[in-house]
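Trainee: Based on what follows, work out the 3D shape:
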Amino acid sequence: RNGADVLDLAGGTGDLTRLMSERVGELGSITCADINAAMLGAGRARLLDEGIVSNVRYLQCNAECLPLRDNSHDAVTIGFGLRNVTHKQHALAEMYRVLRPGGQLVILEFSKLRSALLAKIYDTYSFSVLPFLGERVAGDGESYRYLAESIRMHPSQDELLSMMGQAGF
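Mentor: Numbers count the residues shown, from 1 in each chain. The predicted model follows:
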């Protein structure tokens, strides 16, 4: 919302930061944070090219150990990044710590399908079709194979909900 202070974790590409920049307005701010300096630099360049400058800051950091004050942000977002965090419980606890009371956590992530039939179809697509297309179109089948593997290793919805509860949410 207008005037909010938002932390966009794993935000290197700047996609969510861009979408939120106009919403928080000149009175608000977004900290685009990522552990990967190259991703953060690429996202910063994209946002600068789009004229998104005044209310965005950049921070290279690990989501498991945020160099930020307690209760310092109105919202924390992480889009397609939690599955890449090694110690998810630590990261969730850090997100809780930096949120102001009543703050909002938004996690955008793939998860496991509950239907066995759909899971089988999805696995076939993810581990066979997607890497094949990735190799043919982008010349990089391995990245698409990693995507499928990282989704498979991510906690289920119920497990993640439990982890969030343990973190204080």
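
Trainee: longest single strand anywhere in the protein?
Mentor: Ranked by number of residues, the top strand in the chain under DSSP state E is strand 99-108.

Trainee: Give me the buried positions along that one.
Mentor: Neighbour-count burial for strand 99-108, counted by 16 or more other C-beta atoms under 10 Å, picks out 99, 103, 105, 107. C-beta coordinates here come from the backbone N, C-alpha and C atoms, glycine included.

Trainee: is the third one in a bridge, and if so with what?
Mentor: With DSSP bridges as the criterion, Leu105 is bridged to Val76.

Trainee: ok, it - contacts?
Mentor: 75-77, 95-96, 99, 164, 169 (C-beta atoms under 8 Å, 6 or more residues apart in numbering).

Trainee: For this protein, which segments are assigned as helices?
Mentor: Remark: helices assigned in the chain by DSSP state H are 15-24, 37-49, 88-98, 116-124, 130-133, 141-153, 157-167.

Trainee: Show the model's pLDDT score for the residue of the chain most remote from its centre.
Mentor: Ranking residues of the chain by C-alpha distance from their mean position (C-alpha atoms, centre = their mean) puts Leu117 at the top, at 28.3 Å. Here, the pLDDT recorded for Leu117 equals 90.

Trainee: tell me which helix or strand of the protein sits lowest on mean pLDDT?
Mentor: Every helix and strand in the chain was compared by mean pLDDT, DSSP states H and E; the lowest is helix 141-153, with a mean of 79.

Trainee: Now do it: everything it contacts.
Mentor: 83-84, 110-112, 123, 126-127, 130-135, 138.

Trainee: ok, how many other residues are close to the nearest residue in space to Ser72 that is not next to it in sequence?
Mentor: Leaving aside its sequence neighbours, Ser72 sits nearest to Val98 (C-beta to C-beta, 6 or more residues apart in numbering; 5.3 Å). Residues near Val98, counting by other C-beta atoms under 10 Å, number 20.

Trainee: Report the contact partners of Val98.
Mentor: By C-beta under 8 Å, 6+ apart, the contact set of Val98 is 7, 66, 68-73, 76.
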